[in-house]
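S.K.: The amino acid sequence is not available; the structure is as follows:
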């Protein structure tokens, strides 16, 4: 069944589309790379084929609806369709759900209706049962694994997209959190990334305002890194180093003797989820204190070391009774070249001074290319929205006097202009910076915080020196055996 879109030479074969999603019965991976997990004999090759079928069945019909609407002019209830997409992804443990959460915060990486539904995806899938836990722990710590703990809870305390957490007590009496990676996640990552690439390709045919190629590469690299729990342990220690003087932030202590590439053991940090804290009777001063701690938790590492936590998801931190913050997850950490940090600061001053030449220099540092006058204006529209709380020297809420839908309105204007201009390819660095800014903005809205963001920002950048940052970054990364940015 081959279709030609009216007025276009482009052809689409629905049989090819179907084969993309449901006929992937072969894999090009090297069989020597096959991975057995937890003493089980399922190789990565067959695991990846099964994952193609599982994800493809969920996504294939939904994708066909989008393509049908685009090429046949069929009516598409995008609200209903996006709800179906959320339902399809929400039941799948693994990276595709995590990628959906990230994409939901990037303006027009997906249609607005999809973003609204995917933004609701939370890492609360049902946990794996005790048989899996026993197999995983035995494979990582040996047959006598239980003797290495004073106690170990059978039921998971939390379930996320790539793993689940169990409470335990160490032999010396410390309360612990043990994060176990789900089985066959390496297969899931590669299969899901292939499906994500196909989804991006379909959407690019539907709407060319955003070229997602760099977004895809950034998501792929970070997801693969998140599977390495030894690396996450080093990230945890890195954050202990960077935030050592921040009294409002707590980082768990790593237990390397009880950690592997697929098991991460750390001290347990007690606290409430943010939404539970907000619902309790807390004063404005307490809400503001939490907001300031969150701001410094995210941006001290960035402006002093060029490092950012790329996933301010509600499940990645808790709040203590005194308003201090427990930062819990360190799988998605992005290290930037020092000149990129300077570009972020330069863009702030370009907006403040209405300096188009400095803005162009800043965007080029970020990685944007072919900056016409019209494209600069479109990018500045979005940048002005993100930087707005920092530009006014006064206490205010994160959205100022704008409503909660203002961001979506700005994104719509930017999208319309980018389509007119033929589209833009956001650089890889944009993905995590935007995710952090939008995610933290949501946190500050939940808190209904009203503080002087301008002063907090200037406290961080007052003595900024790109060469000093480079030396500081090199030293702290080397201490934890982590690579410098490319």
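M.R.: Yep, it's here. None of these values were measured; they are calculated from a predicted model.
S.K.: how about low-confidence regions in the chain?
M.R.: 1-126, 404 (pLDDT under 70).
S.K.: Give me the distance between residue 412 and residue 445.
M.R.: Distance, residue 412 to residue 445, using Cβ to Cβ, to the nearest Å: 19 Å. Using the backbone N, CA and C atoms, a C-beta is placed for each residue, glycine as well.
S.K.: sorry, that was for residue 180
M.R.: 33 Å.
S.K.: out of the two, which sits in the busier spot?
M.R.: residue 180 (25 against 14; other Cβ atoms under 10 Å).
S.K.: Assign a three-state SS to that one, would you?
M.R.: Applying DSSP: H, G, I helix; E, B strand; the rest coil to residue 180 yields a three-state assignment of strand.
S.K.: so what's it up against?
M.R.: Residues in contact with residue 180 (Cβ atoms under 8 Å, 6 or more residues apart in numbering) are 128, 132, 133, 136, 137, 163, 164, 165, 166, 262, 263.
S.K.: which residues in this protein form strands?
M.R.: Along the chain, counting by DSSP state E, strands occupy 2-4, 11-13, 149-152, 158-159, 163-170, 175-181, 249-251, 263-267, 307-309, 317-319, 325-327, 333-335, 396-397, 450-451.
S.K.: looking at the ones you listed, which is buried most?
M.R.: With neighbours defined as mean count of other Cβ atoms under 10 Å, the strands of the chain peak in mean count at strand 307-309, which reaches a mean of 25.
S.K.: Mind listing the strands it pairs with, and their directions?
M.R.: Here strand 307-309 is paired, per DSSP bridges, with strand 333-335 (antiparallel).
S.K.: now the partner strand, how far from the chain's geometric center?
M.R.: Between the centre of strand 333-335 and the centre of its chain there are 11 Å (Cα atoms, centre = their mean, to the nearest Å).
S.K.: for stretch 351-365, same thing?
M.R.: 27 Å.
S.K.: what do you get for stretch 315-323?
M.R.: 19 Å.
S.K.: what residues does that stretch touch?
M.R.: The contact list for stretch 315-323 (Cβ under 8 Å, 6+ apart) reads 122-124, 158, 160, 248, 250, 269-274, 277, 286, 289-290, 293-294, 297, 309, 325-329.
S.K.: related to what we said a few turns ago, any idea which of the contacts of residue 180 is the one closest to residue 146?
M.R.: Proximity of the contacts of residue 180 to residue 146 (Cβ to Cβ) peaks at residue 137, which lies at 7.5 Å.
S.K.: Please verify my assumption that that closest one contacts residue 265.
M.R.: No - the criterion here is Cβ atoms under 8 Å, and residue 137 misses it with residue 265 at 10.3 Å.
S.K.: Overlap in contacts, these two.
M.R.: Shared contacts of residue 137 and residue 265 (Cβ under 8 Å, 6+ apart): residue 178.
S.K.: Next, count neighbours for the residue nearest to residue 344 when sequence neighbours are not counted.
M.R.: When the adjacent residues along the chain are set aside, residue 344 lies closest to residue 433, with 7.1 Å between them (Cβ to Cβ, 6 or more residues apart in numbering). Look at residue 433: counted by other Cβ under 10 Å, it has 19 neighbours.
S.K.: Buried residues, stretch 447-456. List them.
M.R.: By 16 or more other Cβ atoms under 10 Å, the buried positions in stretch 447-456 come out as 447, 449, 450, 451, 452, 453, 454, 456.
S.K.: Likewise for stretch 473-486?
M.R.: 473, 476, 477, 480, 482.
S.K.: Now do the end-to-end distance for it.
M.R.: 13 Å (Cα to Cα, to the nearest Å).
S.K.: Give me the residues contacting that stretch.
M.R.: If you take Cβ under 8 Å, 6+ apart as the criterion, stretch 473-486 is touched by 231, 234-235, 237-238, 241-242, 305-307, 335-338.
S.K.: Stretch 262-271 now?
M.R.: 37, 136-137, 139-141, 167-168, 174-181, 227, 229, 232-233, 236, 250, 252-255, 258-259, 317-320, 325-326, 328.
S.K.: Then stretch 359-372?
M.R.: Taking Cβ under 8 Å, 6+ apart as the rule, stretch 359-372 contacts 214, 339-340, 342-344, 346-347, 350-351, 375-376, 379-380, 383, 421, 424-430.
S.K.: make it 7 Å
M.R.: If you take Cβ atoms under 7 Å, 6 or more residues apart in numbering as the criterion, stretch 359-372 is touched by 339-340, 342-343, 346-347, 350, 376, 379-380, 427-430.
S.K.: same deal with stretch 336-350?
M.R.: With Cβ under 7 Å, 6+ apart as the contact definition, stretch 336-350 has outside contacts at 302-303, 306, 358-359, 361-362, 365-366, 383, 387, 390, 429, 461, 464, 466, 469-470, 473, 485.
S.K.: Tabulate the contacts of stretch 359-372 in TSV, adding columns for neighbour count and distance to residue 281.
M.R.: Formatted as TSV, those follow (neighbours: other Cβ atoms under 10 Å; distance: Cβ to Cβ, whole Å):
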residue	neighbour count	distance to residue 281
339	15	47
340	20	42
342	19	43
343	23	43
346	19	43
347	23	40
350	23	43
376	17	48
379	23	43
380	19	42
427	19	44
428	20	43
429	22	41
430	18	39
